[in-house]
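Asker: I would like the atomic coordinates for the input below:
(chains A and B)
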Amino acid sequence: MTESNVALVAHLMRRAGFGATRSQLEEYVDKGYHATVDELLHPVDPQRMPDEMIRRYHAEQSGMMGQNSPGAYWLYRMISTTAPLHEKIALFWHSVFATGYTKITQGKVLIDQIRMFRRYGLGSFRELLVELSKDPAMIIWLDNQDNHNGSINENYGRELLELFSMGVGNYTEQDVKECARSFTGWTIANTEYMELRARRDSIWPYGRIAWHFEYREEDHDDGEKTFLGETGRFNGEDIIDIICRQPATARFISRHLYHFFVADEPPVPQWPYTPPRDPAAIETLSRVYFDSSYSISAMLEALFKSEWFQSKETWFEKVKSPAELVASVLRLTGEFERPRREILDTAMHIVYMGQHLINPPSVEGWHQGVEWIDTGTLVERVNFASKHLGNLDAPGVRAIVERIKSQLGPMISPERLVDGCLDQMGAISVSPESRNVLIQFASEQGDLTVDGPDANGHVDRRVTDTMQVIAATHEFQRA
Amino acid sequence: MSLANGNRALVVIQLSGGNDGLNTVIPYNNELYYDQRPSVHIEQGQVLRLDDELGLSPALGPIKRLWDQDKVAVINGIGYPNPNRSHFRSMDVWHTAETDKVGSEGWLGRAIRDLDPKADNVLTGVNFGRGLPRALACKDVPVASVANVETYGLLPDIQDERAKALALKAFSMMYGGADGKDAVAQFLSQTGMNALKGADILRTAPAKYSSTVEYASTPIADSLKNIAQVICADLGTRVYYAQHGSFDTHAAELDSHAKLWKDVSDAIGDFTDDLREHDREDDVVILVFSEFGRRIMDNGSGTDHGSGSAAFVIGGPVQGGMYGEYPSLKPADQLEGDLHFSTDFRSAYSTILEQWFGLDAVPIVNGTFEQLDFIRR
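Answerer: Numbers count the residues shown, from 1 in each chain, chains lettered A, B, ... in the order given. Below you'll find the predicted structure:
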């Protein structure tokens, strides 16, 4: 096992998951990089904290109605799963197909949508778009229940083309109308009942029950349509077939995957005017898209196994999203091995950092990259990470401290203390400048001697002080 | 006072959850009020009378005192067209001044941008609370979010004081100096230094402050005391934000509503006393709002989500009085059992933006709205 292998797998796990502990990294290195990618994409018998256990501790996570319980539930999954890419891909599609609580005001259907992303998000893009078009939260979010035969509502038809598949500039206003016509009759089943409930229930004006997709043949416009140059009596699935065949769709989805997994691109509205960072990478991914019949996992396999992904040039190129930052800290500290009430407050920190899961700011989702960072959110990020990494009661922190003491002691120089902490926190690579500052910080109190009893916890505290300053580095804010 | 006065500040107090306007500004001579509120009403004899028709809930004593000094503008029937009875959507409307689509920029974020276009002061906007309300969100506008000004700062969880000082020094070395860094690192560095600077400046505020006013020990009083400290420290902050709640009184309203308002109104009373003591009363306008009012008919113990409510603008610079028409309670005039709004909330925003801050309100509130003359000239 070489250290460069460990660092490379650490990069993979920051991107395809939520980071990993040093011992987990060693297991992945033993398997090998390609085998690790394959396992991430096709996990066998994945484990996680079971729903029934979560519900036993959290009454609010049974109904999942409110705006915050779905985020806390999702956080449990992000930190406990052995198949982290499933959660990552759900986060990815949630940021592309952004659907928000402000309009839905019902957490249940939103967490159902996230479950759909988990289930279909690594499969065929065609199938995913079909599921998306039938998703009750999406139908309400973009008003498709108001899209009727003879009286179209263009909202879903437009965003399907603009935000969910091709991007602006690849279709006409007429295509938008024809697309909307094709999705008439795609609605939710129980609207009348929900309206009745709404009048009687002002806490949950859109009802307390899950919604269901319904196709109403009598409300579907079965007439002839011309969409992207093709003519026929198209229904929604035909439109999705045509969309999936477009090179623009291949490029758009490839760029999204690159943006999320490789390196931050500018915000999506600028894409028509700004070329991709790496056009060759987008071409490669687009080719795989067609060769694999629109398979997202095939595209990701090509992505993770590419030279441009593995290149050191892309390490720490991305700014961690708040969900990634919080989940990666908690996976290190291991403090939620069992459900605890504190998950609610902990999940709120993702909100304080600017990412309210299941409630993105608009249909465009969150702008990523440096837009995660402002003075308020940076303070929240640094303080959250340093607080949790300084908690010696957390089993993961305790384990890191003990490993450093036993492996590096009895005399630990400031250099070895800093390098040891960086390594144990997930093989973090920092710039020479950051490393110098960290060593200077550690030097202020000289070498660390760990033989003999540590009566006042002084030794442990010096290790966690160093970890807390590492949590404040640029590199820790990035992935 | 001139519009160029850089001391002019706005304090926004958000009453989260939907304040029952009918039990806040009470039409105590209107039988329809008592008819439709058989259980959840304020007795006529308890009402703090403002005029022959309207009066305040007895929990608003300090605000009544300010009314008597002609420093309270009551804005009746405030709301917006096609009201949404979801807390989240309606709060979003108030925050972004967008009624028809989901907006992403906050009205106060835009105001801060226009007050300090080059972002010279990292503290032009300060939010007291965790997480930025969308009202304050605007690209490239730095806004500090402060839970408590006395403990605000970076790395508060490093326990040893010496280690913490060294850690902050390390932070400033890692984030200072943007030379040779990539664009992301430069941005991180700039932001990190702004955060450090903001925290360092803010932390000086409590030490500079002394006051004979003793605030109650409630979260809203803590926030308003922090705001007084920052105002008195002359840090150039123009927009302050605080919130209190939850006003979502579906059940047991009379007790909880009274407690909520007592907390808010006592805090406002102490805050204005404090400002007067420091000769800053004429520099500060307070806006108190909620995302919606509540159903006219009570539900036996509380009230459900409604529309059209009351807002207050309070302070030395305010021309006290009634603004906007009080909505009709007649069944035929109701909107599905709720009050119709009479005054668009963007009228109040526009007035504050133009008459208090001297800004062009149109691009901030997305349109032109009739102004209310509640700022003294």
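
Asker: How far does stretch A:287-307 sit from its chain's centre?
Answerer: Centroid separation for stretch A:287-307 versus its chain: 19 Å, with Cα atoms, centre = their mean, to the nearest Å.

Asker: Ok, stretch B:173-188 next?
Answerer: From the chain centre to the centre of stretch B:173-188 is a distance of 36 Å (Cα atoms, centre = their mean).

Asker: go on, stretch A:461-469?
Answerer: In terms of Cα atoms, centre = their mean, the centre of stretch A:461-469 is set 29 Å apart from its chain centre.

Asker: Can I get it as CSV, trimmed to CA atoms?
Answerer: Provided in CSV are the C-alpha atoms of stretch A:461-469 (Å, rounded to 0.1, in the frame of the first residue of the first chain):
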residue,chain,number,x,y,z
ARG,A,461,-6.4,18.1,23.9
ARG,A,462,-3.3,19.0,21.9
VAL,A,463,-4.2,16.5,19.3
THR,A,464,-7.8,17.7,19.0
ASP,A,465,-6.6,21.4,19.0
THR,A,466,-4.6,20.5,15.9
MET,A,467,-7.6,18.7,14.3
GLN,A,468,-9.7,21.7,15.1
VAL,A,469,-7.3,24.0,13.2
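
Asker: Is chain B within reach of that stretch?
Answerer: Yes. Interface with chain B: stretch A:461-469 contributes A:461, A:465, A:468, A:469 (Cβ under 8 Å from any Cβ of the partner chain). Where C-beta positions appear, they are placed from N, C-alpha and C, glycine not excepted.

Asker: same deal with stretch A:385-396?
Answerer: Yes. Among the residues of stretch A:385-396, A:386, A:387, A:390 lie within reach of chain B under Cβ under 8 Å from any Cβ.

Asker: Same list (the residues of stretch A:461-469 next to chain B) but as CSV, adding neighbour count and secondary structure.
Answerer: Output for the residues of stretch A:461-469 next to chain B, formatted as CSV (neighbours: other Cβ atoms under 10 Å in any protein chain shown; DSSP: H, G, I helix; E, B strand; the rest coil):
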residue, neighbour count, secondary structure
A:461, 19, helix
A:465, 27, helix
A:468, 27, helix
A:469, 30, helix
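
Asker: Tell me both backbone torsions, phi and psi, for residue 80.
Answerer: In the absence of a named chain, chain A is used. Dihedral angles of residue A:80 (phi, psi; degrees, to the nearest 10) stand at phi -110, psi -10.

Asker: backbone phi and psi for residue A:340, please?
Answerer: Torsion angles at residue A:340 (phi, psi; degrees, to the nearest 10) stand at phi -140, psi 150.

Asker: Test my guess that it contacts residue A:57.
Answerer: Yes. Contact status for residue A:340 versus residue A:57: in contact at 7.2 Å, counting by Cβ atoms under 8 Å.

Asker: quick one: pLDDT of residue 162?
Answerer: Picking chain A for this. Here the pLDDT value assigned to residue A:162 is 93.

Asker: Chain B is the one I meant
Answerer: pLDDT, read off for residue B:162, is 91.

Asker: Which parts of the helix or strand containing it count as buried, going by neighbours?
Answerer: Assigned by DSSP states H and E, residue B:162 belongs to helix B:161-175. Neighbour counts over helix B:161-175 (16 or more other Cβ atoms under 10 Å in any protein chain shown) mark B:163, B:164, B:166, B:167, B:168, B:170, B:171, B:172, B:173, B:174, B:175 as buried.

Asker: What about the residue nearest to the last one when sequence neighbours are not counted, how many residues nearby?
Answerer: The shortest distance from residue B:175 to any residue that is not its chain neighbour, by Cβ to Cβ, 6 or more residues apart in numbering or on different chains, is 3.2 Å, and that residue is residue B:192. Residue B:192: 24 surrounding residues under other Cβ atoms under 10 Å in any protein chain shown.

Asker: My read is that residue B:192 contacts residue A:379, right?
Answerer: No. Assessed by Cβ under 8 Å, residue B:192 is found out of contact with residue A:379, at 9.2 Å.

Asker: shared neighbours of those two, anything?
Answerer: Counting by Cβ atoms under 8 Å, 6 or more residues apart in numbering or on different chains, residue B:192 and residue A:379 have no shared contacts at all.

Asker: Using CSV, write out the CA atom coordinates for stretch B:164-182.
Answerer: What follows is stretch B:164-182, C-alpha atoms only, in CSV (Å, rounded to 0.1, in the frame of the first residue of the first chain):
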residue,chain,number,x,y,z
LYS,B,164,-7.7,29.5,20.7
ALA,B,165,-5.7,32.7,20.3
LEU,B,166,-3.0,30.7,18.4
ALA,B,167,-5.7,29.0,16.3
LEU,B,168,-7.1,32.4,15.3
LYS,B,169,-3.6,33.5,14.4
ALA,B,170,-3.2,30.4,12.3
PHE,B,171,-6.6,31.1,10.6
SER,B,172,-5.6,34.6,9.8
MET,B,173,-2.3,33.4,8.3
MET,B,174,-4.1,30.7,6.2
TYR,B,175,-6.7,33.1,4.9
GLY,B,176,-4.6,36.3,4.7
GLY,B,177,-2.6,36.9,1.6
ALA,B,178,-4.2,35.8,-1.5
ASP,B,179,-1.1,35.8,-3.7
GLY,B,180,-0.5,32.9,-5.9
LYS,B,181,-3.7,31.2,-5.0
ASP,B,182,-6.4,30.0,-7.5
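
Asker: So for stretch A:34-43, mean pLDDT?
Answerer: Here the average pLDDT along stretch A:34-43 is 97.

Asker: where do the strands sit along the chain?
Answerer: All of this is about chain A. Taking DSSP state E, the strands of chain A run over residues A:186-188, A:213-215, A:225-227, A:230-232, A:411-412, A:448-449.

Asker: you looked at the wrong chain, it should be chain B
Answerer: In chain B, the strands defined using DSSP E lie at B:9-16, B:25-27, B:48-49, B:54-56, B:72-79, B:125-128, B:143-146, B:239-245, B:284-290, B:309-314, B:321-323, B:343-344.

Asker: Which one of those strands has the poorest average confidence?
Answerer: With a mean of 87, strand B:143-146 has the lowest mean pLDDT of the strands of chain B.
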